[in-house]
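Student: Any chance you could fold what I've pasted below:
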Amino acid sequence: MAETMRVGLIGCGNVVSYGHRPALTTLPDVELVALADITPERRKIGQEWFGLSDENLYEDYKDILARDDVDVVVVTVPQQFRRQIVLDAFAAGKHVLSEKPISDTPAVAAELCKAAEDAGLTFGVVHNYHFFPEYRLMKKLLDSGEIGDLRVLTMNY
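Tutor: Okay, here's the model as predicted:
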């Protein structure tokens with residue numbers, strides 16, 4: 001991969017505004033080079049956020065996958081559409097960072113991980129809550145047995 005990671009963003013919905021936009025606009029070794037979204041209004045918003053020219057905006061994500069100057073794609077589309085996009089990205093030789101959850105079934109999760117491994121590519125899934133202090137405390141309490149055995153868990157965040 002190049003010294004500067006050249007990124008294609010697939011999906012420009014709400015999670016991009018507060019989650020991905022800050023990273024994509026401030027990390028010194030990351031350059032967003034293309035954006036795809038099926039909604040013209042979202043493409044326009046993304047264009048304004050990231051300063052992309054019209055020729056770097058796409059309706060079809062496969063146009064990003066066909067670009068030689070994209071090293072990695074960030075997939076932020078709704079979960080029910082991710083599987084095929086991620087598989088297509090690996091087939092195109094692109095590394096992938098996907099929004100959570102990885103899938104709706106363990107079988108699909110395994111399929112995606114295997115596709116990445118078979119292609120020799122990196123597959124990351126955003127788990128930004130994983131290291132929150134609240135979750136680490138819950139894990140510590142459960143592991144210590146201090147609160148007994150876990151039977152049911154309900155979380156709101």
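Student: Quick one: the strands in the protein, in order.
Tutor: 5-10, 30-36, 57-58, 72-75, 95-98, 123-125 (DSSP state E).
Student: For the longest one, enumerate the helices and strands it packs against.
Tutor: Packed against strand 30-36, as judged by 3 or more Cβ pairs under 8 Å, 6 or more residues apart in numbering; DSSP states H and E, are the following elements: strand 5-10, helix 21-26, helix 40-50, strand 57-58, helix 61-65. Every C-beta, even on glycine, is put in place using the N, C-alpha and C of the backbone.
Student: Count the residues that sit near residue 14.
Tutor: Counted by other Cβ atoms under 10 Å, the residues lying close to residue 14 total 9.
Student: Quick test: name the residue nearest the centre of the protein.
Tutor: Centroid-nearest residue in the chain, with Cα atoms, centre = their mean: residue 98, separated by 2.3 Å.
Student: Distance of the closest residue to residue 83 other than its chain neighbours relative to residue 86?
Tutor: In space, and not counting its chain neighbours, residue 83 is closest to residue 108: 5.6 Å by Cβ to Cβ, 6 or more residues apart in numbering. With distances taken as Cβ to Cβ, to the nearest Å, residue 108 is found 10 Å from residue 86.
Student: now do residue 153
Tutor: Distance, residue 153 to residue 86, using Cβ to Cβ: 28 Å.
Student: Pick out whichever of the two has more residues nearby.
Tutor: residue 86 (26 against 7).
Student: is it true that the more buried one touches residue 98?
Tutor: Yes - judged on Cβ atoms under 8 Å, residue 86 makes contact with residue 98 at a distance of 5.9 Å.
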